[in-house]
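K.L.:
below is the structure, and that's it, no one-letter string:
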């Protein structure tokens, strides 16, 4: 059994765990030899790692070690503590897994969230506040929400009616569609006004080239759960 940890050195007395930084992942050509891959970080890190690995012929099982400020994917799957998972593997016990569904927006991968509505404004302001004692933790997101609340209350109804605004949040898939809010992704096509567009993907801000957005499902990966 081979285990790789991405982004942080993880040790266990009963296991040998290889380690690489996320930035060196493109140079690591034997990923398919690993049975388990530990992703250390928040949703943005998970998204960037899976973007590079989700097309492998042999998909490893992913273990989430939520050390970032935003850990929605880990909460969705009730990710167990990393020590518990490693203890099970050391005893040759297979941990329980769930499928996590992936989505594509043009060439970009996302895991649960995409949009250019209040989510984009919220993440932009939150990242602006990422310094000093606000650098870690949830407080910057809470402050950004408080600062933007009046704007959101006024603008959200108009954005929900706009053809060039959208927000996808798949944990609320029981709300299939409400205006330009989508809780479920099948095939969504959106035409924007500009060639270069700033969008929020899983708490990351990315720039997408092209007026036409084509959003669709992109398979799934196994994630360790409780």
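P.N.:
Now that the structure is in, tell me what you want to look at. Fair warning: this is a prediction, and the values are worked out from it, not measured in the lab.

K.L.:
residue 113 and residue 22: what is the separation?
P.N.:
To residue 22, residue 113 is 20 Å away according to Cβ to Cβ, to the nearest Å. From N, CA and C alone the C-beta is placed, and that goes for glycine too.

K.L.:
the two: who's more crowded?
P.N.:
A count of neighbours by other Cβ atoms under 10 Å puts residue 113 above the other of residue 113 and residue 22, at 23 against 16.

K.L.:
pull the longest strand from this protein.
P.N.:
As assigned by DSSP state E, the longest strand anywhere in the chain is strand 212-224.

K.L.:
and the chain, what are its domain boundaries?
P.N.:
3-101, 113-220 (automatic domain parsing).

K.L.:
start and end of the last one, how far apart?
P.N.:
Read it as domain 113-220. End-to-end distance for domain 113-220: 15 Å, by Cα to Cα, to the nearest Å.

K.L.:
tell me the helix or strand right after whichever helix or strand residue 147 is part of.
P.N.:
Residue 147 belongs to helix 139-159 when assigned by DSSP states H and E. Following helix 139-159 in sequence order, the next helix or strand is strand 167-169 (DSSP H and E).

K.L.:
quick check: mean pLDDT of that next one?
P.N.:
Model confidence over strand 167-169, given as mean pLDDT, is 97.

K.L.:
over to stretch 25-38?
P.N.:
Mean per-residue pLDDT for stretch 25-38: 90.

K.L.:
how about stretch 5-17?
P.N.:
The average pLDDT within stretch 5-17 is 93.

K.L.:
show the end-to-end separation of that stretch, please.
P.N.:
7 Å.

K.L.:
one more: stretch 82-99?
P.N.:
End-to-end span of stretch 82-99 (Cα to Cα): 18 Å.
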